[in-house]
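Participant: how does the following fold in three dimensions:
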Amino acid sequence: SSAMKTLLGILLGAVIASASALKAGEFTGGSIGVSYSAFTQDGDFDHLSLEGSAEFAFGRQFSGQFDVGSDRFGASDLEALTLGVHGIYHLTDVTSLGAFYTREDVEFQGASSDVNIYGVEARHDAGQLSFAGFLGYAETQVDDGGVWGLATRYTMANDIGVSGLYEHIDVNGLEGGKVALRLDGDVSANLNMFVEVGSAKARAFGVWDSEPYVGLGGKLLLGPNRGATFERRGLSRVLPGL
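Facilitator: Residues are numbered from 1 along each chain as shown. The predicted structure is shown next:
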C-alpha cells in the first residue's frame, strides 16, 4: 500500500540520516524490517510493525545504535511511534553489554501520551547459540512499571534459526507479555524472513486472559555485521495485538 511504502521510505531515510550525522563513527550494521501478527481466534486483534536500526562503531569496543519504529494495532486503532538509542560496550568479540533509552509516543482514541523507557541489556554469541536479554523501567504520564525479556537462538546446519522468545510488561495496571517460538532463514544475501507461533497473556482490571497468535515478517540486513547488536525496545512491540 502507499502508506506502507511511505513508512518504509521514512525508515530508510532515518537510517541514512543517522549515517550522515555520525561521520565520525563507522557504520557497522543495521536493518529495516516489517512484521505482522494476529490472534488466531480473532484476526481483528492484529499488529503491524515497521522499524529500522543503525549502529556505528567508535573504536573497537564502543558503539551507538539508533532505532525508529511504528506500531499499529487493528481492533483498538492504537498507534505508537518509538525512537531509541543504545550505548554499547563490546566486552569481547562475542559478548556485548548495553544501556538504552526509548521514547514512545502513543495515540489512542484521539488522546496522546508519552512513555520513557530506560534499561540495560546484554548479548552473548556462543557458536551456534546466541542469548540476549534486557531489563527496563518505563515511566508513563499515569504510572511507572517494568519491562523485560529473554531470547535465545540456535542456528541449525542448514542456516535455519530456531528462537525462543519471552517478553513481559507490567505498567500502569496492565500486565502482559508473550512467549513464542520462531523460525527464520535467509531468502537472499541480505533478506531474512521469519514465522512465529506463540501465546500472549494479559491481565487488566483483575481479568486474566491468554490467547494464541501467529506472526510473520522480514528484515533487510545492512552493513558488514548484517544487522545491529540489539533489538528495538518499547512497550508496543511486546504485544501481538490489541
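Participant: please count neighbours and contacts with C-alpha atoms only from this point.
Facilitator: OK.
Participant: how many residues are close by residue 183?
Facilitator: Using other C-alpha atoms under 10 Å, residue 183 has 18 neighbouring residues.
Participant: please report the distance of it from residue 194.
Facilitator: Going from residue 183 to residue 194 by C-alpha to C-alpha, to the nearest Å gives 6 Å.
Participant: so where's the chain shaky on pLDDT?
Facilitator: Applying pLDDT under 70 to the chain flags residues 1-24, 173, 204-208.
Participant: where along it do the helices fall?
Facilitator: 2-21 (DSSP state H).
Participant: need the strands for the chain, in chain order.
Facilitator: 26-39, 46-58, 62-73, 79-90, 95-108, 111-126, 129-139, 144-155, 161-171, 174-186, 191-204, 207-222 (DSSP state E).
Participant: tell me the contacts of the spatially most central residue of the chain?
Facilitator: Geometric centre of the chain, nearest residue: residue 232, 3.6 Å, by C-alpha atoms, centre = their mean. Contacts for residue 232 (C-alpha atoms under 8 Å, 6 or more residues apart in numbering) come out as 51, 53, 67-69, 84.
Participant: once you drop chain neighbours, what's closest to residue 223?
Facilitator: residue 29 (4.1 Å; C-alpha to C-alpha, 6 or more residues apart in numbering).
Participant: that neighbour contacts residue 54, doesn't it?
Facilitator: Yes: Residue 29 lies in contact with residue 54 (C-alpha atoms under 8 Å); the separation is 6.0 Å.
Participant: common neighbours of those two, please.
Facilitator: 227-228.
Participant: quick one: end-to-end distance for stretch 118-135.
Facilitator: Span of stretch 118-135 from end to end, C-alpha to C-alpha: 9 Å.
Participant: quick one: residues in contact with it.
Facilitator: Counting by C-alpha under 8 Å, 6+ apart, residues outside stretch 118-135 touching it are 94-102, 136-138, 146-156, 229-230.
Participant: in PyMOL, select just the buried ones from those residues.
Facilitator: For the buried members of the contacts of stretch 118-135, the matching PyMOL selection, counting by 16 or more other C-alpha atoms under 10 Å, is:
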select buried, resi 95+96+97+98+99+100+101+102+136+137+138+146+147+148+149+150+151+152+153+154+155+229+230
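Participant: how far is stretch 221-232 from where the chain is centred?
Facilitator: From the chain centre to the centre of stretch 221-232 is a distance of 12 Å (C-alpha atoms, centre = their mean, to the nearest Å).
Participant: stretch 123-137 too?
Facilitator: 14 Å.
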